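Colleague: quick one: sequence and predicted model below, then my questions.
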Amino acid sequence: MEGSSKTRIVYQANLNFKNAGLYLEWLTRRGYLLKDDRVFRTTPTGLELLSNLNDITSMINDDIDSELATFQE
């Protein structure tokens, strides 16, 4: 299983190192990430969380799109 370094996460998520460290620590303490040496890996629980967040985001976007469509009619 591949993972990402803190530096890679910082640049891909457009965060600063301080905030990224706080988020990574929070996610690790709750079992969503594992830290192996200097690499963070997503746990099965983390993958489930990510899937749920993607589902919620999709539902919100669908609702926004349908609301915008009613304004354009």
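Modeller: Right, received. Where do you want to start? Numbering: from 1, shown residues only.
Colleague: look up the closest residue to the most centrally placed residue in the chain, ignoring the ones flanking it.
Modeller: Geometric centre of the chain, nearest residue: residue 50, 6.1 Å, by C-alpha atoms, centre = their mean. Take residue 50 and drop its neighbours on the chain: the residue closest to it by C-beta to C-beta, 6 or more residues apart in numbering is residue 42, 7.0 Å away. Bear in mind the C-beta positions are built from the backbone N, C-alpha and C, glycine included.
Colleague: now the one you found: phi and psi?
Modeller: phi -80, psi 130 (degrees, to the nearest 10).
Colleague: now it: how far from residue 64?
Modeller: According to C-beta to C-beta, to the nearest Å, residue 42 stands 28 Å off from residue 64.
Colleague: and those two? Which one has more around it.
Modeller: residue 42 (18 against 10; other C-beta atoms under 10 Å).
Colleague: for beta bridges, what are the partners of that one?
Modeller: In this entry, residue 42 is beta-bridged to residue 33, by DSSP bridges.
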